[in-house]
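Peer 1: Pasting a predicted model and its sequence here:
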Amino acid sequence: MSRTIIINLLRFVIVVFIQVFLLKNIGLYDMPSPYFYILFILLLPFNVPNLLLFVLAFILGLTIDAFYDTPGLNAAASVLLAFVRILFISITVQKEGFDNEPEPTLGIMGFRWFFTYAAILTVIHHFFLFNLEAFSLSQFESTISRVLLSSLFTVFLILISGLLFFKRKERK
């Protein structure tokens, strides 16, 4: 097996473990809920085929749904996240950059790009997830506050994990 496959398989198991066993019951006054598992989708290599990206996002979402008893909510939000990731990367990264930078990590892409990438994709994921969960406009204010607070919490955890495993880009 390739080194990339092993790393991403290990990353999948770790983010699911952290999400299910550590972060599932964390919440401040029942508002922000961190969804750290999206880090797996965010850190997949640039050269992952789109079909495989959608399948991996769907499997990750279904795995989280199995533990959260949310039938398909996280799967749908994860597939949307994969779609938005494709759009974001195609807009912000040049095609020749795919060869030099294998994956969108903090150390490779830099803090500014990675923060923008993580923040935008997290807000879109959370907005879709919480609106699917509420499925009502009568709770719009509380849904928006949940989206914003959960996004802040999630991006904070993603940045902390990025800084913990930070590797500087090698200049050639």
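Peer 2: Arrived safely, thanks for sending.

Peer 1: Least confident secondary structure element in the chain?
Peer 2: Scoring the helices and strands of the chain by mean pLDDT, DSSP states H and E places helix 97-100 at the bottom, with a mean of 55.

Peer 1: Quick check, pLDDT for D30.
Peer 2: On the pLDDT scale, D30 is placed at 64.

Peer 1: Could you do L164 as well?
Peer 2: 86.

Peer 1: Phi, psi for it please.
Peer 2: Per-residue torsions, L164: phi -70, psi -40 (degrees, to the nearest 10).

Peer 1: so where is this protein shaky, pLDDT-wise?
Peer 2: 1, 27-31, 95-101, 166-172 (pLDDT under 70).

Peer 1: how about the helices of it, start to end?
Peer 2: Using DSSP state H, the helices of the chain run over 3-17, 39-42, 50-68, 73-92, 97-100, 106-109, 111-134, 140-164.

Peer 1: now for the last one, which elements pack on it?
Peer 2: This points to helix 140-164. Helices and strands touching helix 140-164, by 3 or more CB pairs under 8 Å, 6 or more residues apart in numbering; DSSP states H and E, are helix 39-42, helix 106-109, helix 111-134. C-beta here means a position set from N, CA and C on the backbone, and glycine is covered the same way.

Peer 1: At the geometric centre of this structure, which residue sits there?
Peer 2: I38 (2.3 Å; CA atoms, centre = their mean).

Peer 1: for A82, what are its contacts?
Peer 2: Counting by CB atoms under 8 Å, 6 or more residues apart in numbering, A82 touches I41, L53, F54, L56, A57.

Peer 1: and which of those residues is nearest to D69?
Peer 2: Within the set of these, A57 lies nearest D69; the separation is 19.8 Å, counting by CB to CB.

Peer 1: so what's that closest one up against?
Peer 2: I41, A75, S78, V79, L81, A82.

Peer 1: what's around Y37, how many residues?
Peer 2: 25 (other CB atoms under 10 Å).

Peer 1: Excluding chain neighbours, give the residue nearest to it in space.
Peer 2: Using CB to CB, 6 or more residues apart in numbering and skipping the chain neighbours, the partner closest in space to Y37 is Q19 (4.2 Å).

Peer 1: rewinding a little: from the contacts of A57, which two are the most distant?
Peer 2: Using CB to CB, the contacts of A57 reach their maximum pairwise distance at I41 and A75, which is 11.9 Å.

Peer 1: Could I get the contacts of A57 in a markdown table, plus columns for distance to F115?
Peer 2: Output for the contacts of A57, formatted as a markdown table (distance: CB to CB, whole Å):
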| residue | distance to F115 |
| --- | --- |
| I41 | 17 |
| A75 | 27 |
| S78 | 21 |
| V79 | 24 |
| L81 | 17 |
| A82 | 20 |
